[in-house]
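In: let me see the structure of the following:
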Amino acid sequence: MFEQQTERAKNLILSPKTEWEVIDGESVEISALYKSWIMPLAAIPAIASFMSTSIFGVGAFGFHYRVPLFSGLMTALVSFVLALAGVFLFAHIISFLAPYFGAQKNLKQAFKLAAYMPVASWLAGVFLMIPSLSILVLIGGLYSLYLLFLGLPILMNPEKDKAVMYTVSTIIGVVMMHFVLSMVSTAMVPNQIPGALTQKTTEPTIEKRTKAMEKAAEEGDLSGMLAAMTGGSSEVVSDPEALKKLAPAKLGGLKRTTVSVETLDTPIKAATLNAIYEGTSGQKMTLKIMNSPGVNVLKAMAGMSGAMRSVKQDDGSFETLSTDKGKLVNQKWDAQTARGSYSWNHENFIVSVEGKDVPMKTLKRAADTISSSDLDRLPKG
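Out: Residues are numbered from 1 along each chain as shown. This next block holds a predicted model:
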């Protein structure tokens, strides 16, 4: 299925200069690059990181910690989406700088360079699953810079005496870009977010999504790109006050103390409700409702990683991730801290209730006070 991609990756690693010359003569569409090359390879480090932190767990000196599944999934999703965005931005940086070094602006050539250059870094991302071999990820990144050094003069054809400075300038640009994207990633990843549902696709559907993906890529619309990938909608709640009204004054016998809605327009549209409920005896619950096009990717990533499971411990702690009547449901209980959470998804929404000193049955009933029809009625745009 991936014979051509495998052959290209091998050639870029073993005979990069020759392969760059082959790539230089090829005519490709940006949407095709995303579908057949960028998306499959960019998923490698995202999935490997998720497997390492949320499935296998990390630890040292006798301590072991496993990142909650939904937190790990959302982190992987954000990493994957920002990798797609990184290629898009890097291509525009390469094209923008071209005239300053005697080259012609050529976005398609720049996209080929931005898409194929990270191959070593993406492939090395598989070693994120094995912390002791993580140094190989750094080596893969350095080799990708070497590929940039070889490929840029061939694909962009700058003046010979300016080729090195052109490469250095693009490296500076990509370092700054990754710094900004890392800040965005940190700001975007919430604590615990469940996944969503995948959809069966047919060839006409794939063709339709590919065209939508191409249009979104050309417009720099990451929300549109996610929606095209999953067949969902890129629209999110347009009225924060309407979302606020879904938080009842009381939940599970506890009184609401705070309620707020946070919105995000770039790089991905999102709207998140946070409502805190407290009792007189120290009980506490937090209701979260998140709406974002990114939700529809999570179920797919959960399925790819084999995350559907049930784990129980001797002290009564447990965690389950399963489907129930078309919804992806996560339940988690930590007996030592008396903390639990119950989450479910609908379309581009995630409803989650976390609690302390609150039984799991109460958390479930609290989460179920929000219905799918409530979410469907919210104004979107």
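In: for stretch 240-256, buried residues please.
Out: Buried positions in stretch 240-256, judged by neighbour count with 16 or more other CB atoms under 10 Å: Leu243, Leu246, Ala247, Leu251, Gly252, Leu254, Arg256. Placement of C-beta: from N, CA and C, glycine included.
In: now do that stretch: everything it contacts.
Out: The contact list for stretch 240-256 (CB atoms under 8 Å, 6 or more residues apart in numbering) reads 237, 259-261, 263, 271, 273, 275-279, 283-285, 287, 289, 291, 353, 355, 358, 362-363, 365-366, 369-370, 374, 378-379.
In: how about the longest helix seen in the chain: buried residues?
Out: Looking across the chain with DSSP state H, the single longest helix is helix 69-97. Of the residues in helix 69-97, 69-95, 97 count as buried by neighbour count, 16+ other CB under 10 Å.
In: include distance to Leu138 when you put the buried residues of stretch 240-256 into TSV, please.
Out: As requested, those are exported to TSV (distance: CB to CB, whole Å):
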residue	distance to Leu138
Leu243	42
Leu246	46
Ala247	45
Leu251	47
Gly252	48
Leu254	48
Arg256	48
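In: strands - which of those land there?
Out: Leu251, Leu254, Arg256 (DSSP state E).
In: as CSV, the residues you listed with pLDDT and distance to Lys325 would be great.
Out: Compiled in CSV, these are given as follows (pLDDT from 0 to 100; distance: CB to CB, whole Å):
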residue, pLDDT, distance to Lys325
Leu251, 92, 22
Leu254, 93, 27
Arg256, 95, 28
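In: any idea how far Val351 is from Val311?
Out: Separation of Val311 from Val351 (CB to CB, to the nearest Å): 22 Å.
In: who's more crowded, the two?
Out: Val351 (26 against 12; other CB atoms under 10 Å).
In: so what's that one up against?
Out: Leu287, Lys288, Ile289, Ser343, Trp344, Asn345, Ala367, Ile370, Leu375.
In: what two of those residues are the furthest from one another?
Out: Within the contacts of Val351, two members stand farthest from each other by CB to CB: Leu287 and Asn345, at 14.8 Å.
In: how about Gly279, nearest residue that isn't a chain neighbour?
Out: Nearest non-adjacent residue to Gly279, counting by CB to CB, 6 or more residues apart in numbering: Leu254, 4.6 Å away.
In: relative to Val81, how far out is the one you found?
Out: Taken as CB to CB, the span from Leu254 to Val81 is 35 Å.
In: and Tyr34, how many neighbours?
Out: So Tyr34, with other CB under 10 Å, has 25 neighbours.
In: that one falls within a helix, correct?
Out: Yes: per DSSP: H, G, I helix; E, B strand; the rest coil, Tyr34 lies within a helix segment.
In: excluding sequence neighbours, find me the nearest residue to Met51.
Out: In space, Met51 is closest to Met129, 5.1 Å off (CB to CB, 6+ apart).
In: quick one on the thing from earlier: outside of the next helix or strand after the longest helix of the chain itself, list whatever touches it.
Out: Counting by DSSP states H and E, the element after helix 69-97 in chain order, helix or strand, is helix 107-116. Here helix 107-116 makes contact (CB under 8 Å, 6+ apart) with 8, 12, 20, 23-24, 26, 28, 30, 33, 37-38, 87-88, 90-92, 94-95, 98, 147-148, 151-152, 155-156.
In: mind checking the end-to-end distance for stretch 115-126?
Out: With CA to CA, to the nearest Å as the measure, stretch 115-126 spans 18 Å from end to end.
In: how far off centre is it?
Out: Mean C-alpha position of stretch 115-126 versus that of the full chain (CA atoms, centre = their mean, to the nearest Å) differs by 17 Å.
In: got the buried residues for it?
Out: Ala115, Tyr116, Met117, Pro118, Val119, Ala120, Ser121, Trp122, Leu123, Ala124, Gly125, Val126.
In: how far away is the third one from Ile30?
Out: In other words, Met117. 15 Å.
In: ok, the last one next?
Out: Taking CB to CB as the measure, Val126 and Ile30 are separated by 26 Å.
In: surely Leu77 meets Ala46?
Out: Yes: contact status for Leu77 versus Ala46: in contact at 7.4 Å, counting by CB atoms under 8 Å.
In: Gly141: what secondary structure?
Out: helix.
In: which residue, other than its chain neighbours, is closest to it?
Out: Ser121 (4.6 Å).
In: which element, helix or strand, includes that neighbour?
Out: Using DSSP H and E, Ser121 falls in helix 119-124.
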